[in-house]
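Q: model the structure of this input:
(4 chains, ligands or ions: 8)
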Protein chains: 4
Amino acid sequence: MKKIIKNGVIVTASDTYEAEILIEDGVIKAIGHDLQANDAEVVDAKGCYVFPGGIDPHTHLDMPFGGTVTKDDFETGTIGAAFGGTTTVIDFCLTNKGVPLANAINAWHAKSKDKAVIDYGFHLMIAEITEDVLNQLPSVINEEGITSFKVFMAYKNVFQADDATLYRTLLAAKELGALVMVHAENGDVIDYLTTKALEEGNTSPIYHALTRPPEVEGEATGRASRLTGLADSQLYVVHVSCADAADRIAEARKKGWNVWGETCPQYLVLDQSYLEKPDFEGAKYVWSPPLREKWNQEKLWTALKNGELQTIGSDQCSFDFKGQKDLGKDDFTKIPNGGPIIEDRMTILFSEGVKKGRISLNQFVDLTSTRAAKLFGLFPQKGTIAVGTDADIVIYDPNAERTLSAETHHLAVDYSAFEGMEVTGEPVSVLSRGEYVIKDKQFVGNPGSGKFLKRSKFGEH
Amino acid sequence: MKKIIKNGVIVTASDTYEAEILIEDGVIKAIGHDLQANDAEVVDAKGCYVFPGGIDPHTHLDMPFGGTVTKDDFETGTIGAAFGGTTTVIDFCLTNKGVPLANAINAWHAKSKDKAVIDYGFHLMIAEITEDVLNQLPSVINEEGITSFKVFMAYKNVFQADDATLYRTLLAAKELGALVMVHAENGDVIDYLTTKALEEGNTSPIYHALTRPPEVEGEATGRASRLTGLADSQLYVVHVSCADAADRIAEARKKGWNVWGETCPQYLVLDQSYLEKPDFEGAKYVWSPPLREKWNQEKLWTALKNGELQTIGSDQCSFDFKGQKDLGKDDFTKIPNGGPIIEDRMTILFSEGVKKGRISLNQFVDLTSTRAAKLFGLFPQKGTIAVGTDADIVIYDPNAERTLSAETHHLAVDYSAFEGMEVTGEPVSVLSRGEYVIKDKQFVGNPGSGKFLKRSKFGEH
Amino acid sequence: MKKIIKNGVIVTASDTYEAEILIEDGVIKAIGHDLQANDAEVVDAKGCYVFPGGIDPHTHLDMPFGGTVTKDDFETGTIGAAFGGTTTVIDFCLTNKGVPLANAINAWHAKSKDKAVIDYGFHLMIAEITEDVLNQLPSVINEEGITSFKVFMAYKNVFQADDATLYRTLLAAKELGALVMVHAENGDVIDYLTTKALEEGNTSPIYHALTRPPEVEGEATGRASRLTGLADSQLYVVHVSCADAADRIAEARKKGWNVWGETCPQYLVLDQSYLEKPDFEGAKYVWSPPLREKWNQEKLWTALKNGELQTIGSDQCSFDFKGQKDLGKDDFTKIPNGGPIIEDRMTILFSEGVKKGRISLNQFVDLTSTRAAKLFGLFPQKGTIAVGTDADIVIYDPNAERTLSAETHHLAVDYSAFEGMEVTGEPVSVLSRGEYVIKDKQFVGNPGSGKFLKRSKFGEH
Amino acid sequence: MKKIIKNGVIVTASDTYEAEILIEDGVIKAIGHDLQANDAEVVDAKGCYVFPGGIDPHTHLDMPFGGTVTKDDFETGTIGAAFGGTTTVIDFCLTNKGVPLANAINAWHAKSKDKAVIDYGFHLMIAEITEDVLNQLPSVINEEGITSFKVFMAYKNVFQADDATLYRTLLAAKELGALVMVHAENGDVIDYLTTKALEEGNTSPIYHALTRPPEVEGEATGRASRLTGLADSQLYVVHVSCADAADRIAEARKKGWNVWGETCPQYLVLDQSYLEKPDFEGAKYVWSPPLREKWNQEKLWTALKNGELQTIGSDQCSFDFKGQKDLGKDDFTKIPNGGPIIEDRMTILFSEGVKKGRISLNQFVDLTSTRAAKLFGLFPQKGTIAVGTDADIVIYDPNAERTLSAETHHLAVDYSAFEGMEVTGEPVSVLSRGEYVIKDKQFVGNPGSGKFLKRSKFGEH
Ligand SMILES: [Zn+2]
Ligand SMILES: [Zn+2]
Ligand SMILES: [Zn+2]
Ligand SMILES: [Zn+2]
Ligand SMILES: [Zn+2]
Ligand SMILES: [Zn+2]
Ligand SMILES: [Zn+2]
Ligand SMILES: [Zn+2]
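A: Ligands and ions are numbered 1, 2, ... in the order given. Below is the predicted model of the structure:
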């Protein structure tokens, strides 16, 4: 029932200190020295950091895409997440025009209910704004607890919304208390460039990057930011991949606009040259937006350091190299977009960020957990270590050394985006609401134990 | 011996939650619900926030200036500070060329020792860099615990250092582990403009502002930032008064340089027109840098919101209107620079910042306490509420309404910079290392109870 | 047959000097001192500047709009232009989707042929890019001599093109040698805001401005600029009204992109408050983009001075206050957009720009004539005073003082946008290809004498 | 007596056209077709451009530096200049503190009088501003015709002026009608870095670059620009070498400040790696500011294209590799700074700029001649081809191909900075006030035929 974590160094977005944590009924009961808890199971965190469980605000589990479905679902995906120290995911619930929003939400509940090993929430995609959609939004927010909406500026003729939809979503979100998320790439231009590339016989993976140049992301990011400033609303730009887009966010913030930016581990350590790997291996590295020229990486790290970007999402969206990615063997536009990142998200940040002096320990926690909790209405239930919060906790060995690989990861997908990369730092044990999911690096959780999180409105905490 | 704070809402730079705090031996022993502490004195914080005590990183107590001495010393000054919720001040220790640094440090210890009612530390002014000075610095840092150096770019022929001194101080600070602070105004230009103004018979207070235009601050801020970037060192720009200077800091941070900026309450709510008050009253508002045109205020608030500026200092430096400020009756250059801000520093931030929605509660704590603790080597002993930290705590009533006035403040000086201003929020009780300094809005502390703080090197925490 | 202009000071975009100009066969034959030309008619320019005739790159003469037609056609419009010193206009030829481009071009030839008193060319609007349209463009450029295309980013469901159309137009223009022009406002957002304003009963002229805020212009300008950079093409942004849009152009140019900006006299001297004039008089000042807050004016002047904006168009588009503007009496969206500027375009620039020291004499010529000639393929036939160029010449009295008014202007429209404004500088005589159009401030020209100009491809000179 | 140039294409900063030029008494008498001039000597410019003679606003001829004297004096230097198409130079007259300015001016007249083969003027260095100096300035401007002052922000303890001197020079220049020029590098920092480099035994040429990093130039350029804006004066930044400094100028201009920037051919085509050439050859490439990393070149070209930089100077300052540069064999600080550029200045701009499409023909003329004439009070006597101007004319073969080399140049110095560089474009003949200096690529001028130019006040034309 009770647990007490001893000998560790607790790290939050603000603080770093040694103390014991007493957990009761899945919640943190007390933090202190010499806590009285004879009946509690002792968790020894000696030599370890004690982090709040990570929050991955950007996952696609069990998601259909281009005639296939992501390899990892809510079971394998959340198991991988837990191994990496993540105890909450927020997944994107895809909708279709003209269909009740509830259908999509119900479908996502069905996908996740008996499978998730950690807690989870949903973002809702907005495909169009009609009177009908507007009428459904209050119950989505107030009853379903889904308080963030996603708008796509790309994927023409599929997901792409026009500026009127984006602007009206921003206004609705402001009125109702939600956060708008955008996939910011100019879909019109991409559509033209991809069509032309194929016409010219350019079908290999690298053309995925070449037909989605940084300018189309910078443009769309700037556009969405300006519409947000005009609407006096709030915007979260997902998967910022390049300096151009990061700069647009920084400009918006400088004006005092409520714009935040998320980047992903892949943009921090991989680059466009990966798409040119031989034997179609480049397909493993097909994301939208694509990996960029290497010099962007340092700009993104600096943006994390100085607060121009605020969160790290995984954009987890995994497809097997054999059997799925190869749908695009002869046509890069048919390569399913995305990759397996959910498990290594925090590891990359810790190893490449904290260990290399690019960000502080407290920033690590803020970037991988706290800020997402605040932005997405999960705070203070999730996102920190404080009395009263859910005991979602990671016991983290900062000195463990290992090599990332598909052979050792815990996802279902058949490759690793970081194959062979040497990293430092690893979760030893992970608790979800006080119960072990990972114990001494072994999975001990239960599919279905993860609960759906009804989230607070934007700005309530 | 023990105290337990109940029923309040604890606020840190990151978290906001309800819990009890158990204090023992001046230190936070535990935070939790239902803490066992029958023998502890109960502090009821019902309806209140429980903040870490404020840290004022910029005060001038008992400081000689232009033939007079600040009205408030370490006794009245720290009493005022405590009434406002501040439990630590860092005062500037002024040095002279060619004199051992120890002399100045000893003089400052003598000024403060039996007077301070809260804890305090010193910054050390660097007037010149010679081999002799360089040889003294290691012991200043390692033995005296003074880990921040101040360089003046203005006050020609008095405090002003040249760029070589600034640059070498930056290099020394990097090597030894100290933070460089600058008063950033171009003293050469100011010297010319003030001389000319007086020659032309322009002697009234407003000419203080007109002879120190924003460009001279923006220029010097940009210069110091660039030298910092070049030296790969660390810089803290004191009393940023205008958008021009704030923008220079933002640019430096965007490049990834280690530059931070402090602004002061007076720049956030007062403006240049105050210097034109009749009957020489403008003299009350003579600061360097001067108050600016009103439009700068919104820019500074936005810079606080988006993290371009990081701390709030008071630049406390009080002189009586009658008997001191009037030294400059016929010559604005003879008006002692500065004003009484130490007591109202946090109040202004809370009332104008938090209450008006410009910054969050957590940002309030970060700006007035936590960030200064981190930058100036006091963390985690000071600057947060966490197990193991000093019990420097403010019980804060967020709804108390009152009017700021010299009639009700607790400083020795004869006027208030914010006379008549209506504010919301007030400390009810203030603890320093677990002991009441203010209890139910009454001073109950003891001069001399404040301790000198030997601070850690820059970047150690 | 021959004319010789004596005693004037010739001004070009680069030079200012005293010399005689010998004209023969409508062309400048020689410039010099003591030219031998006994048989030439002497034009005495004593006390005057001798400017190249102005080129107005942005007019709408005889244009249908919202169920009515501009009051001024190619006859009254070009007469007004000539009185103001303009000797060439380039008018916008409006097209419709699905109709051969030739139809529109023929219609515009029919409107202008027997009416224009000065030379003229056409820009062609691009409503959509289809294979069919792409096939027509080479002959438009090579045979019709129409080498600039206009794309609208606003006027949803009327003129508005999507980003695919804009991008493909940029690519086609690059390939074929044309310059793309954009009306840069985000039409989606405007559409929403205007609909909402009307729903809320806000029908008066000021809502025209409030529903087209500067952000929608800044956004669209930035978007078009970025697409241009990406396409490595060339872009001309018409009627830049505000600092936000001007800054986007400056940013693009800083990157080396081929982006130019035009502003108009109305944005330099009128402001948003004019739309609030009582008795529906605000309708006289309804432009798209709208007049802006006054502080933008200085930013635009500075942009002209330092080269961030390059040309001055009139956006001439006149509707009577009585009988046309009042179509929008009860609904601001029905007020025909535009005003009468063609006649006063150069006067405003001279009086407010040159005379007030904001721009130089040479810049005046460049802004009002030379740069447009270069950008739009008229150079060196038009746009300068040099041997071999058309003798389109203005004899300009720089000291004439007068008051602008509908009572004295030469347009058909019933009001002046600059009613009551006192200006300095006035054309005394104006020559088109060596023949007087205005002589001693009297119209002496002939409708139909103006010739259609087939223009060179972009970048050929 | 008379000459007539036929068959060439005249190019000015604005125009490009075919016409004849009639020269009489050293001045352009007429430009036209079929000019009557039977008695005139015909200069056939078939296949050539006819440019206004170049103006090199930045030379150091016969200048003492560090115990030696530049190899090229007013004779060999101006002969080289003429071969390259330059017909006017403005040389820097160095002064010393406490010595009458007239002494320096007389010394420079003595150096140049019987030697120069083209016309020339002087800039005056300001070492300090005292009442005495201020009293001498009016006659320097009005009687000596020296209307530009140079202030050094570097060369500590030698030429370096403090900010008070710079600011007061700006104010004096504004009042009297002069243009202030700055050598913008932070001398304090350079002094420290060079001393330290030598102490550490780093004596080779590359340390010249490493001890003058771009930040010191960017900082000083920003500082000087801001003081100019504050003073509402006018500033010309010489030898801009890097993007950092160019950006500071662009920022100043964006604010509407009167700041101009000059770059030099060496910064456009050479880079820092040249200083690492073996066998001390790096010494040939020692300039202050130093050559920069290669990526700066494209930024400088773009700044020229979009008008952020306005002129091209040579900073001609030549020292023999053998016997002069080797003074610094064991100590890079003893390498005389500078190189031979005067002859190839225009060639580099034409070949690398015009021929490679980076700038237009008209920009070439503006950058190498016209703008300098306007800024330095020589216009319209010099700097353009127009009736009434001095017949300083270059007949330029745009297709001549050759290889730059010390073996073929016409300077006295023993090496070429551009040895082996293949270029296109070469002057065939060069006229100074109507007389050949270069005829069919042979020198036919006379030392002493060049006249001293008393220049107009700043802003008079
Ligand atoms: Zn996406
Ligand atoms: Zn995604
Ligand atoms: Zn200060
Ligand atoms: Zn201070
Ligand atoms: Zn338009
Ligand atoms: Zn128009
Ligand atoms: Zn220099
Ligand atoms: Zn020089």
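Q: tell me the residues of the stretch 151-300 of chain A that contact chain C?
A: A:156, A:162-164, A:167-168, A:186, A:188-189, A:191-192, A:213, A:215-216, A:218-219, A:222-223, A:226-227, A:229-230 (C-beta under 8 Å from any C-beta of the partner chain). Any C-beta I mention is one placed from the backbone N, CA and C, and that applies to glycine too.
Q: point out where chain A drops to low pLDDT.
A: Within chain A, the ranges that satisfy pLDDT under 70 run A:461.
Q: okay, now the domains of it?
A: Listed by automatic domain parsing, the domain ranges of chain A are A:3-50+A:390-443, A:53-375.
Q: so which of the ones you listed comes closest to chain D?
A: domain A:53-375 (10.6 Å; C-beta to the nearest C-beta).
Q: that closest one: end-to-end distance?
A: Domain A:53-375 has an end-to-end distance of 16 Å (criterion: C-alpha to C-alpha, to the nearest Å).
Q: does chain B sit close to it?
A: Yes - on the criterion C-beta under 8 Å from any C-beta, domain A:53-375 is in touch with chain B at A:250, A:253-256, A:302, A:305-308, A:362, A:366, A:370.
Q: which parts of the stretch 201-350 of chain A are strands?
A: A:234-237, A:258-263, A:311-312 (DSSP state E, counting those that start in this stretch).
Q: and those strands: which comes nearest residue C:438?
A: strand A:258-263 (54.6 Å; C-beta to C-beta).
Q: what lines up beside that closest one in the sheet?
A: Here strand A:258-263 is paired, per DSSP bridges, with strand A:234-237 (parallel), strand A:311-312 (parallel).
Q: show me how far the last one is from its chain's centre.
A: For strand A:311-312, the gap between its own C-alpha mean and the chain's C-alpha mean amounts to 7 Å (C-alpha atoms, centre = their mean, to the nearest Å).
Q: next: the first one.
A: Relative to its parent chain, strand A:234-237 has a centroid offset of 14 Å by C-alpha atoms, centre = their mean.
Q: please save the CA atoms from it in CSV.
A: What follows is strand A:234-237, C-alpha atoms only, in CSV (Å, rounded to 0.1, in the frame of the first residue of the first chain):
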residue,chain,number,x,y,z
GLN,A,234,-3.1,30.1,-27.4
LEU,A,235,-1.0,27.9,-29.7
TYR,A,236,1.3,24.9,-29.4
VAL,A,237,3.4,24.2,-32.4
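Q: what's the closest of the domains of chain A to residue C:66?
A: domain A:53-375 (21.5 Å).
Q: one step back: just among the residues of domain A:53-375 next to chain B, which is most surrounded?
A: residue A:370 (31 neighbours; other C-beta atoms under 10 Å in any protein chain shown).
Q: can you pull the contacts of it?
A: Counting by C-beta atoms under 8 Å, 6 or more residues apart in numbering or on different chains, residue A:370 touches A:12-13, A:52, A:379, A:383-384, B:14.
Q: as TSV, those with neighbour count would be great.
A: Shown next, in TSV, are the contacts of residue A:370 (neighbours: other C-beta atoms under 10 Å in any protein chain shown):
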residue	neighbour count
A:12	26
A:13	26
A:52	31
A:379	25
A:383	33
A:384	30
B:14	27
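Q: which one of those residues is nearest to chain C?
A: residue A:379 (30.8 Å).
Q: what's the closest non-adjacent residue to that closest one?
A: Nearest residue to residue A:379, sequence neighbours excluded (C-beta to C-beta, 6 or more residues apart in numbering or on different chains): residue A:373, at 4.0 Å.
Q: just to revisit the earlier point, now for the strands of the stretch 201-350 of chain A, which one comes closest to residue B:265?
A: strand A:258-263 (24.7 Å).
Q: quick one: contacts of that closest one?
A: For strand A:258-263, the external contacting residues (C-beta under 8 Å, 6+ apart) are A:57-58, A:225, A:228-229, A:233-241, A:245-246, A:249, A:252-253, A:300, A:303-304, A:308-313, A:371, A:375.
Q: quick one on the thing from earlier: now the two most distant members of the residues of domain A:53-375 next to chain B.
A: Taking C-beta to C-beta as the measure, the residues of domain A:53-375 next to chain B span a maximum distance of 26.9 Å, between A:255 and A:362.
Q: mind listing the helices for the stretch 151-300 of chain A?
A: A:163-176, A:187-199, A:206-210, A:214-231, A:243-254, A:265-269, A:295-305 (DSSP state H, counting those that start in this stretch).
Q: among these, which comes closest to residue B:290?
A: Comparing the helices of the stretch 151-300 of chain A by C-beta to C-beta, helix A:243-254 comes nearest, at 24.5 Å.
Q: tell me the buried residues in that closest one?
A: A:243-254 (16 or more other C-beta atoms under 10 Å in any protein chain shown).
Q: how about the residues of the stretch 301-450 of chain A by chain D?
A: Counting by C-beta under 8 Å from any C-beta, no residue of the stretch 301-450 of chain A sits close to chain D.
Q: how about the helices in the stretch 301-450 of chain A?
A: A:345-348, A:361-365, A:371-375.
Q: list the contacts of the last one.
A: Translated: helix A:371-375. For helix A:371-375, the surrounding residues in contact (C-beta under 8 Å, 6+ apart) are A:13, A:55-57, A:88, A:90, A:179, A:236, A:260, A:310-311, A:313, A:378-384, A:458, A:461.
Q: pull the distance from that helix to the chain's centre.
A: Distance, stretch centre to chain centre, for helix A:371-375: 12 Å (C-alpha atoms, centre = their mean).
Q: now swap in the shortest one and tell me
A: Helix A:345-348 has its average C-alpha position 11 Å from the chain's average C-alpha position, going by C-alpha atoms, centre = their mean.
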